[in-house]
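>>> Predicted coordinates and the sequence they were generated for:
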Amino acid sequence: MPDWKDTRLVVSTNDGTGDKEVAMVDTFAPNLALNAEALHALDRSHVGVAFTPQTLTFTITVKAIGDSVARLTMLALKGQPFNILLKEKVGDDWGLANIVMSDCIITSASHTANPTGVPTATFSGFSLSAGAETNEGVRASVP
């Protein structure tokens, strides 16, 4: 059974000035839409496959504590590409060693003030490429 109290995932950005950890990340939701469609013939089904461009999007929700919201907001306002690196901070409970989304652009940012809790900010956008590595060192990437 994993010891989840000692394990957490870290989201880091690299805006060209070096890796910077984005602290206090509540959620990171990458969405890799890897589109493929079966090709059919008149006499049989599934004779091949046609691949269409991948859609690589993400959503990050962070607590508005510290400067992580300010850094992400500045990247959004500047339209500055950056990389997202998602990796395990401590332990080996997670099935992947890392997920990297490269050349990301934030397309939407919203801030929510909660009267009974900490304010949050949600950032959404797209990535031009993505890759992942398992704990065994197997790698895959798109495009």
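Right, received. Where do you want to start?
>>> How confident is the prediction for residue 4, by pLDDT?
Listed pLDDT for residue 4 reads 53.
>>> now the spatially most central residue of the chain, nearest residue through space, not along the chain?
Per CA atoms, centre = their mean, the C-alpha nearest to the average position across the chain is that of residue 30, at 4.0 Å. The shortest distance from residue 30 to any non-neighbouring residue, by CB to CB, 6 or more residues apart in numbering, is to residue 58 (4.9 Å). Using the backbone N, CA and C atoms, a C-beta is placed for each residue, glycine as well.
>>> Next up, the contacts around that neighbour.
Contact analysis of residue 58 by CB atoms under 8 Å, 6 or more residues apart in numbering lists 28, 29, 30, 31, 84, 101, 104, 124, 125, 126, 127.
>>> The same query, at a cut-off of 7 Å, please.
Applying CB atoms under 7 Å, 6 or more residues apart in numbering to residue 58 gives the contacts 28, 29, 30, 31, 84, 101, 104, 124, 125, 127.
>>> cool, and residue 73?
Contacts for residue 73 were tallied using CB under 7 Å, 6+ apart; they are residue 109.
>>> Would you mind pulling up the elements that the host helix or strand of the residue nearest to the centre of the chain packs against?
Element membership for residue 30 (DSSP states H and E) is strand 25-33. Packed against strand 25-33, as judged by 3 or more CB pairs under 7 Å, 6 or more residues apart in numbering; DSSP states H and E, are the following elements: strand 9-14, strand 55-63.
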